[in-house]
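A.B. asks: What shape does this take:
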Amino acid sequence: MEAFKDYIINYETGDLRIGDLPIGAKVVDPKWEWEFRTDVNYSGRGIFKPVTWIVVAKDHYSGIAPHVTLLTEELIGHYPFDNSTSRGSDHGSNYWINSGGANASRGLRPWLNSTDIHSGEGFYRTFYGRFKAAMLTTILPNKEWGEGDPYTTKDKVFLPSSTELGDSSYEYRILQIGVTYPYFKDAINAKRIAGINGKTWYYWTRSPRLGYTGRAGMCIVSYAGDFAFDYARHADCGVRPALNLKSDTLVTREHSKS
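C.D. replies: Purely as a prediction, here's the structure:
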C-alpha cells in the first residue's frame, strides 16, 4: 500500500479550493521536489521528494488577499539563522529583517526566499512556477530584540513566531509576536514535534530573545515540542518554514492505492 497525503494541488482541474479545506489538512504539489539534506548548513546528500504542507490558518495575516497559511510537515534541512559578526560577537544576529545581512555568509531569511546573498539558491528557487504564482507576499509582524519594538517585513517564505506555534509562557524572555495559528491553539507539545527523514530534531522560530546582547538568542522548538532558545549562528538547528497561498488555488482529494 502506497501512502498519500490528503490533497494534491491541481491548478486547472481541481474540484476544491484550498481555502475550503479544514485546518490540519495536508497538501502536496507533485510538480516539484526538494532535497531533504540532513547535514549542517544544508550540506551533504538527502532524499528528493515533494514537500508536504499542513493547513495551519486561514486569512491569518492582515493587508493581503484571502489566503491559507501552510507550514511544512517536516523540517527542510539544517541552517543558521544568521552567522554575521557585525554585533561584535561570533554569535550572529537575532533580527529577522537583517538575517543574512552585514558580513554574513549565511542567513535564513534570504536562503528561504532565494534573495540577496542566496540569490540563485535556497528554498524558493525550487518551487514550480504555478506554485510561485499562487503565493502571496506576506506582511509579517516582527519585534526587534533590543527593546521589543514592532516592525514588519514582506516575505514570500518565512519562519513562524513562537506565538504562532502556540507559545503562551514566553520563558527565556521570548517576545510575543502575532497570533497563534488555529492549528496550534491549545496544542500539546507533541503537536509541534517535527523532524527530517524520520529523525526528530529541534527547529527555529523567528522570535528573538529580548535584550539578550552579545549572544543573539533565538526561540526554538525543542525535540519534545516545547520552547527553548539557541544562538543564531548555530548551523545544526532545523528549518520549518511557512508561506501563504491564495485561497482559490485548486486542489483534489488524494486517494490511496495498492
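A.B. asks: So residue 105 versus residue 119, what's the distance?
C.D. replies: In this structure, residue 105 and residue 119 are 14 Å apart, going by CB to CB, to the nearest Å. The way it works is simple: take the backbone N, C-alpha and C, and place the C-beta from them, glycine included.
A.B. asks: Residue 131 too?
C.D. replies: Per CB to CB, residue 131 is found 19 Å from residue 119.
A.B. asks: Which one's more surrounded, those two?
C.D. replies: A direct count of neighbours by other CB atoms under 10 Å for residue 131 and residue 119 places residue 131 higher, at 19 against 11.
A.B. asks: which residue packs closest to that one, ignoring adjacent ones?
C.D. replies: Leaving aside its sequence neighbours, residue 131 sits nearest to residue 29 (CB to CB, 6 or more residues apart in numbering; 5.2 Å).
A.B. asks: Give me the local confidence score for the one you found.
C.D. replies: Residue 29 carries a pLDDT score of 97 in this model.
A.B. asks: ok, it - contacts?
C.D. replies: Counting by CB atoms under 8 Å, 6 or more residues apart in numbering, residue 29 makes contact with 8-9, 50-51, 128, 131.
A.B. asks: Burial check on the residue lying closest to residue 44 once chain neighbours are set aside, number of neighbours?
C.D. replies: The shortest distance from residue 44 to any residue that is not its chain neighbour, by CB to CB, 6+ apart, is 5.2 Å, and that residue is residue 37. Residue 37 is flanked by 19 other residues according to other CB under 10 Å.
A.B. asks: surely residue 19 meets residue 247?
C.D. replies: Yes. Assessed by CB atoms under 8 Å, residue 19 is found in contact with residue 247 at 3.0 Å.
A.B. asks: residue ranges of the helices in the stretch 101-250 of the chain, please?
C.D. replies: Under the criterion DSSP state H, counting those that start in this stretch, the stretch 101-250 of the chain contains helices at 108-113, 129-134.
A.B. asks: what are the C-alpha coordinates of the first one, in PDB please?
C.D. replies: C-alpha atoms of helix 108-113 as PDB (Å, rounded to 0.1, in the frame of the first residue of the first chain):
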ATOM      1  CA  LEU A 108      17.900  32.100   6.900                       C
ATOM      2  CA  ARG A 109      15.600  34.800   5.600                       C
ATOM      3  CA  PRO A 110      17.400  35.200   2.200                       C
ATOM      4  CA  TRP A 111      18.000  31.500   2.000                       C
ATOM      5  CA  LEU A 112      14.300  30.700   2.300                       C
ATOM      6  CA  ASN A 113      13.400  33.400  -0.200                       C
END
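A.B. asks: Need the contact partners of that helix.
C.D. replies: 42, 79-82, 96-97, 99-100, 116-119, 121-124, 153, 155-159, 204, 239, 241.
A.B. asks: Just the buried ones from the residues you listed?
C.D. replies: For the contacts of helix 108-113, a neighbour count by 16 or more other CB atoms under 10 Å gives the buried set as 42, 79-82, 96, 99-100, 118, 122-124, 153, 155-159, 204, 239, 241.
A.B. asks: Which of those residues fall in strands?
C.D. replies: Counted as lying in strands by DSSP state E, out of these, are 153, 155, 157-158, 204.
A.B. asks: In JSON lines: the residues you listed, plus distance to residue 193 and pLDDT.
C.D. replies: As requested, these are exported to JSON lines (distance: CB to CB, whole Å; pLDDT from 0 to 100):
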{"residue": "153", "distance to residue 193": "27", "pLDDT": "98"}
{"residue": "155", "distance to residue 193": "25", "pLDDT": "98"}
{"residue": "157", "distance to residue 193": "22", "pLDDT": "98"}
{"residue": "158", "distance to residue 193": "21", "pLDDT": "98"}
{"residue": "204", "distance to residue 193": "15", "pLDDT": "98"}
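A.B. asks: Which of these sits closest to residue 254?
C.D. replies: Minimum separation from residue 254 among those (CB to CB) is found for residue 157, which lies at 23.9 Å.
A.B. asks: low-confidence ranges in the stretch 51-200 of the chain?
C.D. replies: Segments of the stretch 51-200 of the chain classed as low confidence (criterion: pLDDT under 70) are 87-89.
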